[in-house]
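K.L.:
Starting from these lines, generate the structure:
(one chain, ligands or ions: 2)
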Amino acid sequence: MIAKVEILKTEILSDNWYTLRKITYSYSKKDGTSQTQSREAYDRGNGATILLYNRSSRTVILTRQFRLPTFINGNADGMLIEACAGLLDKDNPEDCIRRETEEETGYKIHDVRKVFEAYMSPGSVTEILYFFIAEYAASMKVNEGGGVEHEEENIEVLELDIDKALHMVGSGEIKDGKTIMLLQHLRLKGIL
Ligand SMILES: Nc1nc2c(ncn2[C@@H]2O[C@H](COP(=O)(O)OP(=O)(O)O[C@H]3O[C@H](CO)[C@@H](O)[C@H](O)[C@@H]3O)[C@@H](O)[C@H]2O)c(=O)[nH]1
Ligand SMILES: [Mg+2]
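P.N.:
Ligands and ions are numbered 1, 2, ... in the order given. Okay, here's the model as predicted:
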């Protein structure tokens, strides 16, 4: 069944840092019936994420940073372990993830491989996230990482054994969706 959708009205509820819209639309189904619905959608653009891995040491590179939304929803200190990620701005996903990798982790990577893309919160957030993996080596480290000063980023870089990282998913120490997807991808595909 393919729905026919017509946007009837778009209201901007908030346009501060990102944009929250309330959209009213008619939604006609194949059987001819139609319905008018309103939904709010939060638009922060699209993003890209990457899991760096090393086959010989069987390790991955992750980041840890304060995430306010988790803090107000039960994460006691607000710190979250995540795969490196960033918003696309005007970049294409591959350029974005190379830049973010260098800024956040300090590694200048060569070959990146796109593995899939996913809407991460399709009922409320417009974002599509592009997922990448890449091999890293100590020789690719060009700075300390940590993020960009003027963006007030304060990112810790972690190098973790893959088995330990997967165990941390089960124990609840890793609770970020994109990170869990990428760790499981490495294991499912037999990469690590
Ligand atoms: N002043 C201000 N700064 C903000 C606000 N919201 C975000 N920022 C800042 O904007 C910057 C965005 O950094 P990026 O590295 O580009 O994005 P990200 O926050 O890591 O987002 C990535 O992960 C998200 C969560 O999984 C993804 O949703 C997103 O697509 C991306 O991949 C960060 O410095 C963040 O603090 C805000 O409301 N006000
Ligand atoms: Mg980031």
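K.L.:
hey, what's the residue of the chain found nearest ligand 1 bridged with?
P.N.:
Nearest residue of the chain to ligand 1 (CB to the nearest ligand atom) works out as residue 47 at 1.9 Å. The C-beta positions use only the backbone N, C-alpha and C, and glycine is treated the same way. For residue 47, the beta-bridge partners are residue 87, residue 129 (DSSP bridges).
K.L.:
Also residue 10?
P.N.:
residue 23.
K.L.:
contacting residues for it?
P.N.:
Residue 10 makes contacts with 21-24, as judged by CB atoms under 8 Å, 6 or more residues apart in numbering.
K.L.:
thinking again about what came up before, model confidence score at the residue of the chain closest to ligand 1, please.
P.N.:
What the model reports for residue 47 is a pLDDT of 97.
K.L.:
what's the farthest-apart pair in the contacts of residue 10?
P.N.:
In the contacts of residue 10, two members sit farther apart than any others by CB to CB. They are 21 and 24, at 10.2 Å.
K.L.:
In contact with the most far-flung residue of the chain relative to its centre, which residues?
P.N.:
Note on the chain: the largest separation between a C-alpha and the mean C-alpha position, by CA atoms, centre = their mean, falls on residue 32 (38.4 Å). Under the criterion of CB under 8 Å, 6+ apart, residue 32 has no contact partners.
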